[in-house]
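Visitor: Whatever this is, show me its structure:
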Amino acid sequence: MLQERRELVPGVRMAGYEASIGVDDLKATIAAAEAGGGKIVMQPYQIEGVGELIYFEDP
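Guide: Below you'll find the model as predicted:
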């Protein structure tokens with residue numbers, strides 16, 4: 001899906017690639033992202049009928 005560039009972090013317009021990835025264990029994925037230097041920029045959000053969504057920055 002094509003979307004406009006937006007500000008997930010106030011004052012910072014997203015300039016890179018935005019990928020959507022399905023995972024089996026979101027909590028483990030969050031832990032792995034943070035352990036690798038990633039930063040969660042949107043906490044888990046429930047989308048009914050789909051699942052949970054987060055956004056994180058990957059260094």
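
Visitor: what is the rounded mean pLDDT of stretch 40-58?
Guide: Per-region confidence: stretch 40-58 scores 89 on mean pLDDT.

Visitor: what distance separates the start and the end of it?
Guide: One end of stretch 40-58 to the other measures 9 Å (C-alpha to C-alpha, to the nearest Å).

Visitor: Give me the distance between the two termini of stretch 32-44.
Guide: End-to-end for stretch 32-44, by C-alpha to C-alpha: 15 Å.

Visitor: In it, which residues are buried?
Guide: residue 33 (16 or more other C-beta atoms under 10 Å). Quick note: C-beta positions are derived from backbone N, CA and C, even for glycine.

Visitor: can you tell me the helix or strand for residue 45?
Guide: strand 39-47 (DSSP states H and E).

Visitor: Direction included, what does that strand pair up with?
Guide: strand 51-57 (antiparallel) (DSSP bridges).

Visitor: circling back: centre of the chain to the strand holding residue 45, how far?
Guide: Relative to its chain's centre, strand 39-47 lies at 6 Å (C-alpha atoms, centre = their mean, to the nearest Å).

Visitor: Name the SS class of residue 29, please.
Guide: helix (DSSP: H, G, I helix; E, B strand; the rest coil).
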